[in-house]
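J.: This is a predicted model, with the sequence first.
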Amino acid sequence: MSIEMTNLKYQRDLWLKGEASAKELVEDAFRRIDVTDGKVNAYLHLCQDEAMEQAEKIDAKRSRGEKTGALAGVPLAIKDNICTDGVLTTCASKMLKDFVPPYDATVVRQVREADGIIIGKTNMDEFAMGSSTENSAFKTTGNPWDLQRVPGGSSGGSAAAVAAETVSLALGSDTGGSIRQPAAFCGVVGLKPTYGLVSRYGLVAFASSLDQIGPLTRNVEDSGLALDALVGYDALDATSLRADQKGSYTVGMEESLKGLKVALPVEYQQEGLNPEINETLIKTAAELKSLGATVESVSLPYSAAGLSAYYLISSAEASSNLARFDGVRYGHRPESFETLEELMVNSRSEAFGQEVKRRIMLGTYALSSGYYDAYYQRAQKLRKMIRQQFEDIFRQYDIVLGPVSPILPFVQGEKIDDPLAMYLGDVYTVDVNLAELPAISLPCGFSKEGLPVGMQLIGRHFGEQTLLRAAYQLEKSLNLDLRNTIGKEASK
Amino acid sequence: MKIKPEEVKYIAKLAKLNLSENEISQYTREFDDILEHFAVIASYDVEKVDVNVFDEKQTSSLREDDPTLFGDQEKLYQNTKTLKNGLIQVPKILE
């Protein structure tokens, strides 16, 4: 049975109405993977047996008339840095190539409790460090819009899995843009929630003060539905916060944008921004105006320091977080070592990839004696100023509009030997993580070559509902055809 | 030059990484570019910013420190390569 897969809500409603069983939905997802994933390479591991078993249980629940969860029957994918009990979680690193977590991350428990069905784990940049998914130790993922191009990163596998229409929901993690940028490159919707809104328990830590888990979906409404399942205070995450949210994040999406105040920072239209992306940004601002919003230019003077502050802080935290990989309790065990020191050094030197080593060293440098004040502490002070300037903006405006990436999806291999050029691609996304704000990336147009162009809307802390409303109205009004050839092939 | 190969070697030692000569010269070159870009942060006056003062809204979210037993003890060690009598084996650290 081939199921016309448009989105998560559609799949869930099919199941709720009894028009498709969870078993059929899961079988269809694997059929789609069979057709597309040889080319796209979005998945690192598939969980066919577990998924079928889960689907049968959920179908049985329905036939017994039991209450079912919000994601009932929906096949979904999880980024491979989120722990899944009994299922490989490799972070796309040789270090964890055989690592099987003994527990579920909180978000995994939540999607299971919501009766969602995990069908596989997705490719990513090693330990989420990268913007192209080329830093995976195992495979290179292609962008479903043009297989020669990168899907973005680090959640590139999750974005490609959704864009190739194998699943309607994939979870990703965003430390400096790792949900939003691949969403923009692959023409899907990616939401980075407010820091603390979604539990990080069981997310393999990269930079703990910046990491946040969020959904990648085919449309804005699904993003809200997925967020409903993911939020909630978790005692297992000391940075988890209680949101005041009442009811679903999808409530109020239909409300008009009349009176919505949108800020457009002048710093977001600087040299280096691809002219086609700038054109889409201008059109998006005009579209918001036509929907009743006001759009005004503002200035974020500290944003020029954001990228440097971000790379210093995130690398410093990474150097500390990744110190746990010493080859003793888990992870790569080298073949030859005599002493404990050799065990640790050989394990790390053999199993970490180039980019991970680069970040660990950059972070170690920023924290080392003599450089701490000039780099790490100064970066922390700038982080505070960046947070402050957003707070000032949000006293007058409801959302901030900006591009996601200054560049279009690029050809594989084009930037891999130039780390600084790769880092510069994160210039518009990192401030959001430094300021702990929520932001949504949604497709707003196409380049002349037919590549998707994404824009981001940034909101106040816990302002997800306003963000989702603005994004939903914008999506409806733009009414873009977001199906690519690979996705259409999967639906045949 | 913002950074010298000797410094890269020293940082690698602190980070418990063993680098080849090629890697050392590659990272020295790359860090030079990256640190030059990072120099922008020195141009901001942040003298008066106190990173130790937290916003009133920011609160720690602490839970009771109640010890609990992990259900399946064996599962906890399922990723350990060398286990003997329930203990992790590592090379001798004392002569």
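T.: Nice, thanks for sending it over. Because the structure is a prediction, the values reported are computed rather than measured. Residues are numbered from 1 along each chain as shown, chains lettered A, B, ... in the order given.

J.: in whichever strand or helix holds A:Ala286, what's buried?
T.: Using DSSP states H and E, A:Ala286 falls within helix A:275-290. For helix A:275-290, a neighbour-count test (16 or more other C-beta atoms under 10 Å in any protein chain shown) marks A:Glu276, A:Ile277, A:Asn278, A:Thr280, A:Leu281, A:Thr284, A:Ala285, A:Glu287, A:Leu288 as buried. Every C-beta, even on glycine, is put in place using the N, C-alpha and C of the backbone.

J.: need the contact list for A:Ala304.
T.: By C-beta atoms under 8 Å, 6 or more residues apart in numbering or on different chains, A:Ala304 lies in contact with A:Glu267, B:Val40.

J.: related to what we said a few turns ago, identify the residues contacting the helix holding A:Ala286?
T.: Helix A:275-290 is contacted by residues A:257, A:260, A:262, A:264, A:268-269, A:273, A:295, A:401-403, A:405-408, A:444-445, A:447-448, A:453, A:455, A:470, A:474, A:477-478 when judged by C-beta under 8 Å, 6+ apart.

J.: Excluding covalently adjacent residues, which one is nearest to A:Leu210?
T.: Nearest non-adjacent residue to A:Leu210, counting by C-beta to C-beta, 6 or more residues apart in numbering or on different chains: A:Asn433, 4.3 Å away.

J.: residue contacts, the one you found?
T.: A:Asp174, A:Thr175, A:Gly176, A:Gly177, A:Lys192, A:Tyr195, A:Leu210, A:Gln212, A:Tyr310.

J.: Cross the contacts of helix A:275-290 against helices and list the overlap.
T.: Among the contacts of helix A:275-290, the ones falling in helices (DSSP state H) are A:Ala470, A:Leu474, A:Ser477, A:Leu478.

J.: Quick check: the second one vs A:Thr284, distance?
T.: Counting by C-beta to C-beta, to the nearest Å, the gap between A:Leu474 and A:Thr284 amounts to 7 Å.

J.: who touches both of these two?
T.: Listed as contacting both A:Leu474 and A:Thr284 by C-beta under 8 Å, 6+ apart are A:Cys444.

J.: Show the buried residues in the contacts of helix A:275-290.
T.: A:257, A:260, A:262, A:264, A:268-269, A:273, A:295, A:401-403, A:405-408, A:444-445, A:447, A:453, A:455, A:470, A:474, A:478.

J.: one step back: now, which of the contacts of A:Asn433 sits nearest A:Leu362?
T.: Taking C-beta to C-beta as the measure, A:Leu362 lies nearest A:Tyr310 of the contacts of A:Asn433, at 11.8 Å.

J.: nearest spatial neighbour of A:Ile313, skipping sequence neighbours?
T.: A:Ala379 (5.1 Å).

J.: ok, the one you found - contacts?
T.: Contacts for A:Ala379 (C-beta under 8 Å, 6+ apart) come out as A:Ser308, A:Ala309, A:Tyr310, A:Leu312, A:Ile313, A:Ala316, A:Ala366, B:Ile41.

J.: isn't the third one right up against A:Tyr428?
T.: No - counting by C-beta atoms under 8 Å, A:Tyr310 sits too far from A:Tyr428 to count as a contact (11.3 Å).

J.: can you map out the strands along chain B?
T.: B:83-84, B:87-88 (DSSP state E).

J.: how many neighbours does the nearest residue to A:Ser240 once chain neighbours are set aside have?
T.: Distance criterion C-beta to C-beta, 6+ apart; nearest residue to A:Ser240, sequence neighbours excluded, is A:Asp234 at 4.4 Å. For A:Asp234, the count of nearby residues is 22 (other C-beta atoms under 10 Å in any protein chain shown).

J.: So for A:Cys47, what's the pLDDT?
T.: As predicted, A:Cys47 sits at a pLDDT of 97.

J.: gap between the closest residue to it other than its chain neighbours and chain B?
T.: Nearest residue to A:Cys47 in three dimensions, chain neighbours excluded: A:Val87, at 5.5 Å (C-beta to C-beta, 6+ apart). Distance, A:Val87 to chain B, by C-beta to the nearest C-beta, to the nearest Å: 13 Å.

J.: Settle this for me: A:Val87 is touching A:Leu46, isn't it.
T.: No - with contact defined as C-beta under 8 Å, A:Val87 does not reach A:Leu46; the gap is 9.7 Å.

J.: re earlier: so who does the residue nearest to A:Ser240 touch?
T.: A:Thr106, A:Ser199, A:Tyr201, A:Ser240.

J.: Please apply the same query to A:Thr6.
T.: Contact analysis of A:Thr6 by C-beta under 8 Å, 6+ apart lists A:Ser168, A:Arg218.

J.: How about A:Gly156?
T.: A:Ala42, A:Asn123, A:Met124, A:Asp125, A:Ser132, A:Thr133, A:Thr141, A:Val150, A:Pro182, A:Phe185, A:Cys186.

J.: redo that, cut-off 7 Å
T.: A:Gly156 makes contacts with A:Asn123, A:Met124, A:Ser132, A:Thr133, A:Thr141, A:Val150, A:Pro182, as judged by C-beta atoms under 7 Å, 6 or more residues apart in numbering or on different chains.

J.: Once you drop chain neighbours, what's closest to it?
T.: Spatial nearest neighbour of A:Gly156, excluding adjacent residues (C-beta to C-beta, 6+ apart): A:Thr133 at 2.9 Å.

J.: From A:Ala207, how far out is that neighbour?
T.: For A:Thr133, the distance to A:Ala207 - C-beta to C-beta - is 18 Å.

J.: The two: who's more crowded?
T.: Neighbours per residue, other C-beta under 10 Å: of A:Thr133 and A:Ala207, the larger number sits with A:Thr133, 34 against 23.
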